[in-house]
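S.K.: Just need the structure, nothing else, for what follows:
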Amino acid sequence: MKKTMIIALLSVAFLMLSCGSGPTCTPHKGPKPLSYQVTFVESSGTGEMMVRATGMGCTLEQASLDAKRAAIWFVLEGGDKPILKSAGEKMKAVGMETQMFENPNIYIRHQSPVKSKTREAGKLKVAYVIKLDVALITEKMASIGVITSEEDLGEELGLPTLAVMPKSYDQFSNTTVAVMQEYLQDKSFEVLVVSQANKVNNLVQKLSTLEGAEPDPMHDMALSLGSDIYVTISSSLAIGSTAGMETAKASVQIQAYETATGKLVASTSAYSPERQVTDKNALIQEATNDAAAKVVSQIKKEWMKMAKKGKPFKLTVLSNSSDGPAVDAAVYGALKALSKRPIKRTAGGKSSFSYIAWIKNIPNAYELLGAIKQHYKGPGSLEKVSDTGSFLVIKAAGNGEIEITIE
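M.R.: Next up is the predicted model:
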């Protein structure tokens, strides 16, 4: 009887101890992260990103490893500008992605001390701020053909030439423009430097007047420079207070337009963290880097579409009034022969005509003139007045004087 009671008491005690010890922690198996809990902090440079990543594990070491893996996953597939954008890319990347998860330290520049630590479902849940080498991760994916590198894309499609302009000149405009230009050059784009004097080419001004267009200094400047796409950028700074100390937060807005058509091809806003700083330009730089990464991704996507469907060109034709209708019809016919898409007429008078045409496999306005000449069957011969980037001005000469003079 006594023996039976002892056994019963021991059983109850064991049961109570088991209940009080909590659930048993089972280590996570496999290279993929367990938490997937990551938030963006800032882009501190053209080739790096800072995130706050939470990891889970039975030990602090396991949770730290999980946080690193989650951070790498965020760069590859999460966030609003992932490296892997399509299902096909993600499938091709599986092997390399597994290697990155197994050796995450290669791609991490800095990991902060523990920012927070809790326990959930028997596991430690630990947060860190992690800085990642985005350029190296991108390079690895390009090296095995999962994505196309910036250099290869430029050789294959011919990346657009861009001009960067501030919407207004203020104490931060030089910073925003410089950071945006650096980012574009880092991504293998050709960047045209716009003079701060805001001098617009006389020819473009006169042609805009001929077309009856509303003045747009930024567009006209980009057109006269010969850029395919022009980027406008603006910034602002919000001042706050924390614990009696002044804080600041920067915001940046970027828009990108096709120069020939004026079509918006990319637009984004970005913000810096709010904090105390001695130089507020540092916050402007952080916000610009973040915005630049987003807008460049949009520009590349739009440019790849153009490579498949045709690049837009703006064409202005000058003639004399007597030959005008025939020249107009002949040039329009030549453009139709070169493009499968509808030709857009932006202006037409007695002796001057403007068109926008989307044409494949012609890189610039100079080569466009040669292609038009091959199909032109109108009066006179076509001669170049000006060509810059995707903007071409020609005249039909040989049958009388051209009545419109462009100085």
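
S.K.: any idea how far L159 is from I359?
M.R.: Distance, L159 to I359, by Cβ to Cβ, to the nearest Å: 18 Å. The way it works is simple: take the backbone N, C-alpha and C, and place the C-beta from them, glycine included.

S.K.: Which parts of the stretch 1-150 of the chain are strands?
M.R.: 37-45, 48-57, 108-111, 116-120, 123-133 (DSSP state E, counting those that start in this stretch).

S.K.: pLDDT on the last one, on average?
M.R.: Right, the one you point to is strand 123-133. Here strand 123-133 scores 93 as its mean pLDDT.

S.K.: Need the contact partners of that strand.
M.R.: If you take Cβ atoms under 8 Å, 6 or more residues apart in numbering as the criterion, strand 123-133 is touched by 25, 35, 41, 44, 47-60, 62-64, 67-68, 71-72, 75, 107-119.

S.K.: what's the angle between that strand and strand 116-120?
M.R.: Computed with axes from the mean of the first three to the mean of the last three Cα atoms, to 10 degrees, the direction of strand 123-133 lies at 140 degrees from that of strand 116-120.

S.K.: Tally up the residues packed near K350, please.
M.R.: Neighbour count for K350, taken as other Cβ atoms under 10 Å: 15.

S.K.: following the strand or helix carrying Q298, which helix or strand comes up?
M.R.: Assigned by DSSP states H and E, Q298 belongs to helix 281-309. Next along the chain after helix 281-309, taking DSSP H and E as the criterion, comes strand 311-318.

S.K.: Can you name the element that comes right after that following strand?
M.R.: Sequence-wise, the next helix or strand downstream of strand 311-318 (DSSP H and E) is helix 324-338.

S.K.: List the buried residues for that following helix?
M.R.: By 16 or more other Cβ atoms under 10 Å, the buried positions in helix 324-338 come out as 324-328, 330-332, 334-335, 338.

S.K.: Give me the lowest-pLDDT entry from those residues.
M.R.: Across these, no position has a lower pLDDT than G324, which has 86.

S.K.: That one touches S351, doesn't it?
M.R.: Yes. Between G324 and S351 there is a contact at 4.6 Å, judged by Cβ atoms under 8 Å.

S.K.: Now do the same for the residue most central in space within the chain: its pLDDT.
M.R.: Centroid-nearest residue in the chain, with Cα atoms, centre = their mean: V296, separated by 1.7 Å. pLDDT recorded at V296 is 87.

S.K.: Apart from its chain neighbours, what residue comes closest to G145?
M.R.: In space, and not counting its chain neighbours, G145 is closest to K92: 7.4 Å by Cβ to Cβ, 6 or more residues apart in numbering.

S.K.: Can you give me the neighbour number for that neighbour?
M.R.: Neighbourhood size, K92 [other Cβ under 10 Å]: 17.

S.K.: Check the spacing between it and R69 real quick.
M.R.: According to Cβ to Cβ, K92 and R69 sit 20 Å apart.
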